[in-house]
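[1] Quick one, fold the following:
(one chain, ligands or ions: 1)
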Amino acid sequence: MSSIPSTSKPKQSGVTIRPVREEDLPTADRIIRLAFGTFLGVPDPSKFMGDVDYARTRWLADPSAVFGAELAGELVGTNFATRWGSVGFFGPLTIRPDLWDRGIAQLLLAPTMDLFERWGIRHAGLFTFAESAKHANLYQKFGFWPRFLTALMELPVGEERKSVQWTCFSEFSPDEKQSCLQACREVTSSVYEGLDVEREIRAVDNQHLGDTVLIWDGSRLAGLAVCHAGPGTEAGTGKCYVKFGAVRCGPNAAREFRRLLDACRQFAATRGATKLDAGMNLARLDAYREMLGAGFRTFRQGVAMQRGANPGYNRPEVFLIDDWR
Ligand SMILES: CC(C)(COP(=O)(O)OP(=O)(O)OC[C@H]1O[C@@H](n2cnc3c(N)ncnc32)[C@H](O)[C@@H]1OP(=O)(O)O)[C@@H](O)C(=O)NCCC(=O)NCCS
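    Here you go, the predicted structure:
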């Protein structure tokens with residue numbers, strides 16, 4: 001696991017970039033809600049996103065990947081980085097609204113880029129507001145360019161018939177979990193070399209955020225979906241959120257993807273969710289069409305910004321679910 005650099009003194013007067021500690025999490029959570037709620041103009045920004053949690057769940061997944069900005073002894077902004085093997089993304093990046101446009105986000109991004117460097121990230125990106133010139137300008141300074149729209153989609157979930165066979169990661173013994181993680185790596189690296197979502201699978205398992213849904217082709221893993229469900233997770237009450245899903249690359253990928261979507265719907269029903277939430281980068285055209293065909297509808301669109309011209313796994317033939325939200 002990478003460690004973050006020791007506290008650095010930035011040029012801007014008074015702001016210090018430092019690691020985020022557990023006791024900072026309530027403030028970090030408050031700033032996330034306030035910043036997004038203010039930007040989107042909601043009536044009570046502090047209540048934005050209800051019981052969805054990012055700060056605690058992402059910090060617990062890897063405390064060394066979270067940076068805080070401190071001013072006059074107070075935490076005023078945070079950024080959360082995520083490593084999926086050779087792939088890295090960051091967010092939520094938020095600054096207390098009364099301190100916007102003073103360069104604080106840029107101070108948080110500098111060490112995040114250093115961390116990506118140390119992690120050996122080859123495909124780096126983020127999800128942001130497609131309509132915001134400010135956001136595009138900010139991230140372009142760090143080599144990220146607006147690429148494809150990313151649709152945040154949802155599907156109503158009702159009484160689901162069990163039409164496909166699937167299992168859950170949480171049912172396995174510790175030894176079985178180890179071999180399952182290896183099988184998951186095989187599936188994800190068939191899509192993009194070095195892509196590895198062990199961090200997400202373990203975070204969901206250790207923190208009881210939901211489960212990883214697995215579909216099989218005989219004894220061979222065909223696909224996986226890391227799902228959050230319910231309050232205190234990235235899904236929130238009444239929802240199941242597919243944070244990451246992928247099927248093995250190959251001639252059967254479209255069929256297996258349909259099976260994976262079915263399995264996720266059924267899993268969502270077992271958790272009492274009434275909506276299945278999943279994001280799709282529209283560069284993955286075939287997968288997007290499958291989602292529409294399965295009944296998903298877009299409730300919000302943003303844009304994926306990617307470093308350099310490398311498309312990574314955002315290619316038409318890739319059957320993968322994620323949105324870097
Ligand atoms: C987005 C956010 C993190 C930026 O934080 P910040 O501390 O205000 O950002 P910075 O001051 O470091 O950088 C913003 C840059 O955009 C520039 N900018 C501001 N408005 C702009 C506009 N309309 N068009 C182009 N550039 C603009 C600023 O001038 C600054 O660049 P400069 O240093 O060259 O002058 C903050 O506004 C926020 O918390 N927003 C709400 C939550 C959010 O949207 N998070 C990001 C989700 S991806």
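
[2] Which parts of the chain are strands?
    15-19, 66-71, 74-84, 87-95, 123-128, 144-156, 167-168, 210-217, 220-230, 236-247, 275-281, 297-307, 320-321 (DSSP state E).

[3] mind checking which of the ones you listed is nearest residue 28?
    When the strands of the chain are compared by CB to CB, strand 74-84 sits nearest residue 28, at 4.7 Å. Every residue, glycine included, has its C-beta placed from N, CA and C.

[4] need the residues of the stretch 51-200 of the chain near the ligand, please.
    91, 93-95, 100-106, 126, 128, 133-135, 137-138 (CB under 6 Å from any ligand atom).

[5] Next, count neighbours for the residue lying closest to residue 86 once chain neighbours are set aside.
    Distance criterion CB to CB, 6 or more residues apart in numbering; nearest residue to residue 86, sequence neighbours excluded, is residue 194 at 2.9 Å. Residue 194: 15 surrounding residues under other CB atoms under 10 Å.

[6] OK, now which residue of the protein is nearest to the ligand?
    Taking CB to the nearest ligand atom as the measure, the chain has residue 105 as its residue closest to the ligand, at 3.1 Å.

[7] Just the buried subset of the residues of the stretch 51-200 of the chain next to the ligand, please.
    91, 93, 94, 95, 104, 105, 126, 128, 135, 138 (16 or more other CB atoms under 10 Å).

[8] Any figure for the gap between the first one and residue 193?
    What that stands for is residue 91. Residue 91 sits 24 Å away from residue 193 when distances are taken as CB to CB, to the nearest Å.

[9] Residue 280 contacts residue 154, correct?
    No. Between residue 280 and residue 154 there is no contact under CB atoms under 8 Å: 11.4 Å.

[10] Settle it for me: which of those two has more neighbours?
    residue 280 (27 against 20).

[11] Quick one: residues contacting the more buried one.
    150, 151, 153, 287, 288, 291, 321, 323 (CB atoms under 8 Å, 6 or more residues apart in numbering).

[12] can we see that at 7 Å?
    150, 151, 153, 287, 288, 291, 321 (CB atoms under 7 Å, 6 or more residues apart in numbering).

[13] hang on, residue 275 packs against residue 154?
    Yes. With contact defined as CB atoms under 7 Å, residue 275 counts as touching residue 154 (4.9 Å).

[14] The residue of the chain closest to the ligand reaches residue 93, doesn't it?
    Yes. Counting by CB under 7 Å, residue 93 is a contact partner of residue 105 at 5.9 Å.

[15] okay, now residue 160: neighbour count?
    15.

[16] And residue 174, by the same measure?
    6.

[17] try residue 289
    13.

[18] Quick check: the residue nearest to residue 84 when sequence neighbours are not counted vs residue 13, distance?
    The shortest distance from residue 84 to any non-neighbouring residue, by CB to CB, 6+ apart, is to residue 197 (5.0 Å). Note on residue 197: its distance to residue 13, by CB to CB, is 40 Å.

[19] So what would you say the end-to-end distance of stretch 278-288 is?
    11 Å (CA to CA, to the nearest Å).

[20] quick one: it near the ligand?
    No. Stretch 278-288 does not reach the ligand (CB under 6 Å from any ligand atom); its nearest approach is 13.7 Å.

[21] Go ahead and produce PDB holding the CA coordinates of stretch 296-314.
    Presented in PDB, the C-alpha positions along stretch 296-314 are these (Å, rounded to 0.1, in the frame of the first residue of the first chain):
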ATOM      1  CA  PHE A 296     -32.200   1.300 -17.700                       C
ATOM      2  CA  ARG A 297     -33.000   5.000 -18.100                       C
ATOM      3  CA  THR A 298     -30.500   7.900 -17.600                       C
ATOM      4  CA  PHE A 299     -31.200  10.200 -14.700                       C
ATOM      5  CA  ARG A 300     -28.100  12.300 -15.000                       C
ATOM      6  CA  GLN A 301     -25.200  12.700 -17.400                       C
ATOM      7  CA  GLY A 302     -21.700  13.900 -16.700                       C
ATOM      8  CA  VAL A 303     -18.400  13.600 -18.600                       C
ATOM      9  CA  ALA A 304     -15.400  11.300 -18.100                       C
ATOM     10  CA  MET A 305     -12.100  13.300 -18.300                       C
ATOM     11  CA  GLN A 306      -9.100  11.100 -19.000                       C
ATOM     12  CA  ARG A 307      -5.400  11.700 -18.900                       C
ATOM     13  CA  GLY A 308      -3.900  11.800 -22.300                       C
ATOM     14  CA  ALA A 309      -5.400  10.200 -25.400                       C
ATOM     15  CA  ASN A 310      -5.300   6.600 -24.000                       C
ATOM     16  CA  PRO A 311      -8.900   5.300 -24.200                       C
ATOM     17  CA  GLY A 312      -8.200   2.700 -21.500                       C
ATOM     18  CA  TYR A 313     -11.200   0.400 -21.200                       C
ATOM     19  CA  ASN A 314     -13.500   3.000 -22.600                       C
END
